Structure formats: structure tokens, C-alpha cells
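Student: take this sequence and fold it.
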Amino acid sequence: TAREDKLYHRFRNNRFLQNDLPGCRVVLFPRQAAYLFFVIGFTFLLIGLYVERMSSDIHEIRVRYDDVCRTNSSNMSSPSPPCELGVKIPEDMSQPVFVYYSLEEFFQNHRGYITSLSTAQLSGEMISESDARKTCSPASFNGDGMFTGNTGTSASSMKIILPCGLLPNSVFNDTFTASHCPLGNMSECRILSGEEWSKREIAWSSDRRKFKGRQLQKDSETRFGYFNYRLPDVDDPDLIVWMRPGRSRHITKLHRRIGGGLELRKGDILRVNVTNRFSLDPNRKTPAKHLLISNTNNLGGENKFLPRMYIAVGGLGLLLSSALLSGIFVSRRKERTLRSHNLRNSTSSVSEGSSWAGWRHDMKH
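Tutor: Coordinates of the predicted model:
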């Protein structure tokens with residue numbers, strides 16, 4: 001057709017579509033390549049040293065607490081008696097300071113685990129029993145026992161868990177409260193509250209927009225979940241943080257921010273009261289729970305890998321530059337030596353030829 005012919009000629013005469021544009025190939029000579037490697041290596045080396053210096057201002061304190069504060073049983077609704085951790089601040093820590101919890105040998109990235117949830121319910125909508133059974137299995141309903149979801153209990157005796165699903169029902173439920181003791185003086189300890197121990201903005205803003213809380217429908221819903229303990233509200237920051245799965249068997253999640261103008265100085269002590277509820281699988285190789293206290297800067301938290309990589313790449317660039325310049329120097333020196341040797345040979349040949357021609361001229365006369 002006319003339209004097809006028009007398109008054919010349009011594409012045929014288009015140099016861009018026919019990959020017929022003029023190109024430019026940069027050919028670097030050895031000296032130019034050596035200078036380029038030097039600039040790149042020197043730049044990366046400076047960046048690495050700068051990042052290393054900034055990382056040295058970040059201090060991270062890691063304290064294991066599951067070996068001190070033990071759970072009474074595997075039942076996550078049965079907490080151990082509160083115990084106290086004394087965390088001494090080794091260096092001055094500038095604001096902002098964050099408190100994290102870390103779980104080792106906890107696999108939060110299993111597909112069946114991270115897909116057991118209802119996005120409609122988490123966005124503030126009501127869901128039916130069939131939808132709950134389809135999307136949240138096996139943690140859809142709360143019956144009489146701890147593991148009663150979808151076990152044949154009559155539908156009239158079950159209520160939909162809010163929020164339902166394995167991922168929200170296994171939310172981390174250890175609790176921490178902290179007291180600040182300036183310079184280790186126990187008589188001046190005071191409990192941190194408000195902005196000094198806050199969970200405001202611990203979750204990403206994009207996640208906070210997706211999770212919307214609503215009023216519980218008591219006739220058809222319950223907040224007592226799969227493990228028979230009360231679940232937080234859907235828009236609770238602790239639950240929102242938990243709902244972003246970790247990528248490996250060791251996960252670290254933000255728990256609280258220490259703000260409100262509170263400065264942690266060298267020698268201060270944080271007395272952290274821990275209520276241990278969350279149980280890890282004892283059959284794993286090295287299950288452990290840690291409490292982390294760390295400050296940050298414009299580059300984020302503590303990162304030893306990034307400055308070392310910058311320094312390594314910078315050193316490699318300088319090494320390649322030195323090797324190229326050395327090769328250029330050696331080759332030019334050999335070239336000058338060979339040139340002078342050839343010039344000397346040509347000069348001697350010319351002088352010998354002149355003497356032979358003069359001898360033959362004398363012989364003729």
C-alpha cells in the first residue's frame with residue numbers, strides 16, 4: 001500500500017535507523033593512555049582517602065543480647081523477664097544516631113514467606129475470607145491454638161488476622177527501652193523518651209504511603225495473629241520496617257532514632273532494658289541477635305569496603321600509568337641507541353666509499 005511504501009522509504013533513507021551515522025573512534029597512543037591512567041588513578045585515590053576519613057568518624061557498637069536475655073520457650077507470645085544491657089560509648093557520636101536490631105541465620109527472603117500477605121489489606125481495604133485464604137495462607141485466620149490457620153477449624157469460629165500473612169505475623173516483637181547515663185554516672189541516668197528515643201521516620205517514605213491503618217472490625221477481624229500474640233497496627237513504623245525483607249541470612253533493621261539534641265559523648269553509658277520474645281531456630285548453625293548503635297554521615301553508615309575499593313582502583317591506575325611511562329622511556333632509549341648506531345654505520349660506510357673512490361682516481365692518473 002501507499003502507507004507501507006512511505007514507511008519503507010522513510011526507514012530506508014534514515015541514517016539513524018540504518019545505523020549509518022558517522023562514527024568516531026578514539027585511538028590513544030601509549031603516552032596519552034599513561035596520562036589518562038594517571039588522572040583516573042589519582043582521582044580515585046583522593047576519593048578513597050576522603051571516604052576513608054569520613055568513615056573514620058562513624059562509630060558502630062554491636063552488642064549481642066540473646067545469650068544474656070534468653071527466651072523462656074519457643075512461644076513468641078511468652079517473653080523472658082526483662083534484662084539490662086550496659087552499652088558504653090567508646091567515642092563521641094555526632095547526630096544522627098540510630099539503633100538497629102540484627103538477626104543472624106534468619107532467612108527472610110524465602111519466596112513462600114515474602115508472598116504470604118495481602119497488599120489490599122495492607123493498603124486499608126477490607127478483604128473476604130476467600131481472599132485471605134488465597135493470599136495469606138497459612139497465616140490467614142486466628143483460631144484456638146497457636147498454629148490454627150487453615151487447619152480445618154470451622155469458619156464461624158475463625159476471624160481474619162489484621163494484618164494476615166506469614167511476613168506480617170512474624171514481625172519482630174522484642175522491645176527495648178533505654179536510659180542515658182552521662183559519663184557513666186548512674187545517679188544521673190534518665191529514661192529516653194519522645195524525640196530522644198523515637199520511631200518517627202524509621203521507615204522509608206515510599207513504604208509509609210503504601211501502608212494505611214484502619215479501624216478493626218471486631219466481628220470478623222482480630223489482631224491476635226498466627227503466633228497468638230497481638231500484632232501492631234498496619235501503619236506502625238516497626239511493622240513497616242519489618243515488611244521490607246532482608247536479602248541474606250543476616251538482616252539488620254532500623255528500630256529507633258536517638259535525637260532531640262541528645263549528644264552521646266565518650267564514656268557515656270546507655271542502659272538498655274530488653275524484653276526478649278522473638279525466637280530464632282536453635283537448629284541453625286549460629287543463630288544470634290544483636291543490638292547495634294551507630295551514627296551516620298552524608299555517605300551513610302559504616303562502610304569499609306567502599307574506600308578500600310576506591311584506593312585499590314586508584315593504586316592500580318597509578319601502577320599502570322607508571323608501567324606505561326617506563327615502557328615508553330625504555331623503548332625510546334632503545335630507539336635513540338639504535339638510531340645513533342645506524343647513523344654511525346652509515347657515516348663509516350660513506351667515509352670508506354669516499355676513500356675507495358679517491359684511490360681509484362689516483363690510480364687512473
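Student: quick one: contacts for the residue nearest to K88 when sequence neighbours are not counted?
Tutor: Once flanking residues are discounted, K88 sits nearest to I269: 5.4 Å by C-beta to C-beta, 6 or more residues apart in numbering. To be clear about C-beta, it is placed using only N, CA and C from the backbone, and glycine gets the same treatment. Contact partners of I269, counting by C-beta atoms under 8 Å, 6 or more residues apart in numbering, are G86, V87, K88, I89, H180, C181, G184, M186, C189.
Student: which one of the residues you listed sits closest to L167?
Tutor: For the contacts of I269, the minimum distance to L167 (C-beta to C-beta) is 30.1 Å, reached by V87.
Student: the closest one - that's part of a strand, no?
Tutor: Yes - assessed by DSSP: H, G, I helix; E, B strand; the rest coil, V87 belongs to a strand.
Student: next, give phi and psi for the residue nearest to K88.
Tutor: phi -130, psi 130 (degrees, to the nearest 10).
Student: how near is it to I258?
Tutor: 14 Å (C-beta to C-beta, to the nearest Å).
Student: show me where pLDDT drops low in the stretch 1-150 of the chain?
Tutor: For the stretch 1-150 of the chain, the stretches with pLDDT under 70 are 1, 72-80, 143-150.
Student: can we see that at 80?
Tutor: 1-21, 23-28, 70-81, 142-150 (pLDDT under 80).
Student: where along it do the helices fall?
Tutor: With DSSP state H, counting those that start in this stretch applied, the stretch 1-150 of the chain shows helices at 2-12, 30-55, 111-114, 119-122, 129-136, listed in chain order.
Student: over to the stretch 151-300 of the chain?
Tutor: Going by DSSP H, counting those that start in this stretch, the stretch 151-300 of the chain shows helices at 166-169, 205-210, 237-242.
Student: how about JSON lines for these, with mean pLDDT added?
Tutor: Formatted as JSON lines, these follow (pLDDT from 0 to 100):
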{"stretch": "helix 166-169", "mean pLDDT": "92"}
{"stretch": "helix 205-210", "mean pLDDT": "91"}
{"stretch": "helix 237-242", "mean pLDDT": "95"}
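Student: and among these, the most buried is which?
Tutor: Ranked by mean neighbour count, those are led by helix 166-169 with a mean of 24 (mean count of other C-beta atoms under 10 Å).
Student: against which helices or strands is it packed?
Tutor: On a contact count with 3 or more C-beta pairs under 8 Å, 6 or more residues apart in numbering; DSSP states H and E, helix 166-169 meets helix 111-114, helix 237-242.
Student: let's see it at 7 Å
Tutor: helix 111-114 (3 or more C-beta pairs under 7 Å, 6 or more residues apart in numbering; DSSP states H and E).
Student: touching, S116 and K134? I think so.
Tutor: No - counting by C-beta atoms under 7 Å, S116 does not reach K134; the two are 10.8 Å apart.
Student: between those two, which is the more surrounded one?
Tutor: More neighbours surround S116 than the other of S116 and K134, with 22 against 12 (other C-beta atoms under 10 Å).
Student: find the nearest non-adjacent residue to the more buried one, please.
Tutor: S116's closest residue in space is L166 (C-beta to C-beta, 6+ apart), at 3.8 Å.
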